[in-house]
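Student: give me a model of this one.
(one chain, ligands or ions: 1)
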Amino acid sequence: MGQLVDGTWHPGWFGPSKTGSFERQPTVFRSRVTTVASGRYHLYASRACPWAHRTLIARSLRGLEHAVEVTIVDPHMGADGWVFNHDPDPIGGAKFLREVYLRADPHYTGRVTVPVLWDRETNTIVNNESREVMRMLDLDFASLSIAPMSNSLAPPDLRPEIDRILDAIYEPINNGVYRAGFAQTQAAYDTAVADLFRALAHWDDHLASRPFLCGSQITEADIALFTTCLRFDLVYYSHFKCNVKRLRDFVNLWKFTRRMWSHPGVRPTCFLDEIKLHYYWSQDNVNPTRIVAAGPGEYERDLETPV
Ligand SMILES: N[C@@H](CCC(=O)N[C@@H](CS)C(=O)NCC(=O)O)C(=O)O
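Tutor: Model (predicted):
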């Protein structure tokens, strides 16, 4: 971990905030794609990261693999931040993801995060905010999609509801697990965990009467909830101390997780070992020994249980 300050790399963890709460920095590159063309835009992602995983699922469900190439960073994120290893950077031959940020802005200040949507034509980062990249892949790339438009992940009639749910789950759930795991005081942790489990109970109830958050079809809201749910018993329960209950104890959330997992467009994007390795190894503020926990036992078998 580390960050860039005026183009210079500073290794180290998030500095403590006054309250001991984890404060996530807003992302900086927030543009939209202009003219979509096959091969023009490139996605840098991690299969371990829940935010980047959203974009990998959207790309897969919208049938955009042929049009938007992906480079996957190594799950070990150490003092140099994200690095390219088995999957080299095809654009600038970078060794570290921070070089991609510096290509876009030599004076960049901020965290070096995934996902990153890169434009080969203008040689810059279009956007590094997963929610916005998901939406662009769905809507702006629709002409390149081999999936029918009826499979949109944000159809116009559902969009207000999708946005409402994305907002509602972000702070207590998607970011909530990080607020619990990175809390630096008991009070900050207690608040994060209480918010998290209250929200999980709420969305568990909500899913009692519908297969997906907005009804019968998969939307962006489901993708955003799923990437956190998939990681819950696997890492958040122990590594982030989110152990009031297992996700498997929430009947409907667990059914929902299995429903998403078993989808043929979602399953190939899920790499459980990479997820575990990334969290336990990379977040050495939480786990200084970098020992990767053995459990949870039979997690994949449980995921395979028919819905
Ligand atoms: N708000 C961003 C968050 C992305 C993010 O925090 N990604 C993490 C990986 S899980 C990252 O790259 N962290 C590296 C760092 O903060 O140095 C989004 O949704 O895209």
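
Student: please make it C-alpha for all contacts and neighbour counts, starting now.
Tutor: OK.

Student: tell me how far residue 96 lies from the ligand.
Tutor: 12 Å (Cα to the nearest ligand atom, to the nearest Å).

Student: any low-confidence regions in the stretch 101-250 of the chain?
Tutor: For the stretch 101-250 of the chain, no stretch has pLDDT under 70.

Student: tell me which residue of it lies closest to the ligand.
Tutor: Using Cα to the nearest ligand atom, residue 113 is the residue of the stretch 101-250 of the chain that sits closest to the ligand, at 3.0 Å.

Student: in a helix, that residue, correct?
Tutor: No - Residue 113 is assigned coil when assessed by DSSP: H, G, I helix; E, B strand; the rest coil, not a helix.

Student: so how far is residue 40 from the residue nearest to it when sequence neighbours are not counted?
Tutor: Distance criterion Cα to Cα, 6 or more residues apart in numbering; nearest residue to residue 113, sequence neighbours excluded, is residue 128 at 7.4 Å. Distance of residue 128 to residue 40, computed by Cα to Cα, to the nearest Å: 16 Å.

Student: what of residue 257?
Tutor: Using Cα to Cα, one gets 33 Å for the distance from residue 257 to residue 40.

Student: over to residue 139?
Tutor: Residue 139 sits 16 Å away from residue 40, going by Cα to Cα.

Student: just residue 32 next, same as before
Tutor: 13 Å.

Student: these two touch, right, the residue nearest to residue 113 and residue 111?
Tutor: No - at 10.6 Å, residue 128 does not count as touching residue 111 under the criterion of Cα atoms under 8 Å.

Student: how far does whichever strand or helix holds residue 200 sit from its chain's centre?
Tutor: Following DSSP states H and E, one finds residue 200 within helix 186-206. Its chain's C-alpha centre and that of helix 186-206 lie 19 Å apart, by Cα atoms, centre = their mean, to the nearest Å.

Student: how about stretch 88-105?
Tutor: 20 Å.

Student: one more: stretch 129-143?
Tutor: With Cα atoms, centre = their mean, you get 14 Å for stretch 129-143.

Student: what does that stretch contact?
Tutor: Stretch 129-143 has contacts (Cα atoms under 8 Å, 6 or more residues apart in numbering) with 27, 29-30, 32-33, 36, 51-52, 54-55, 58-59, 62, 64, 115-117, 127, 149, 152-154, 220.

Student: ok, back up a step: what is the neighbour count of the residue of the stretch 101-250 of the chain closest to the ligand?
Tutor: Neighbours of residue 113 under the rule other Cα atoms under 10 Å: 22.

Student: residues of this structure that sit close to the ligand?
Tutor: 1-2, 27, 49-51, 111-115, 128-131 (Cα under 6 Å from any ligand atom).

Student: now a ChimeraX select for only the buried ones of these.
Tutor: Buried residues within the residues of the chain next to the ligand, by 16 or more other Cα atoms under 10 Å, are selected in ChimeraX with:
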select :1,2,49,50,51,111,112,113,114,115,128,129,130,131
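
Student: closest one of the residues of the chain next to the ligand to residue 85?
Tutor: Distance to residue 85, by Cα to Cα, is smallest for residue 114 among the residues of the chain next to the ligand, at 15.3 Å.

Student: buried ones in stretch 198-209?
Tutor: In stretch 198-209, counting by 16+ other Cα under 10 Å, buried: 199, 200, 203, 204, 206, 207.

Student: same question, stretch 151-170
Tutor: 152, 153, 154, 155, 159, 162, 165, 166, 169.

Student: ok, now stretch 35-52?
Tutor: For stretch 35-52, the neighbour count (16+ other Cα under 10 Å) marks 36, 38, 40-52 as buried.

Student: among those, which two are most distant?
Tutor: Farthest apart among the buried residues of stretch 35-52 by Cα to Cα are 36 and 48. That separation is 27.3 Å.

Student: now do the helices in the stretch 201-307 of the chain.
Tutor: Listed in chain order, the helices of the stretch 201-307 of the chain (DSSP state H, counting those that start in this stretch) span 220-231, 237-239, 251-261, 272-282, 299-303.

Student: TSV for those helices, including mean neighbour count?
Tutor: TSV is the format used below for the helices of the stretch 201-307 of the chain (neighbours: other Cα atoms under 10 Å):
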stretch	mean neighbour count
helix 220-231	24
helix 237-239	19
helix 251-261	21
helix 272-282	19
helix 299-303	13
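
Student: which one is residue 179 nearest to, not counting chain neighbours?
Tutor: residue 22 (5.2 Å).

Student: in what helix or strand does the one you found lie?
Tutor: Under the criterion DSSP H and E, no helix or strand holds residue 22.

Student: got the contact list for it?
Tutor: Residues near residue 22 by Cα under 8 Å, 6+ apart: 16, 178, 179, 182, 183, 184.

Student: so which of these sit within helices?
Tutor: If you go by DSSP state H, these have 178, 179 in helices.
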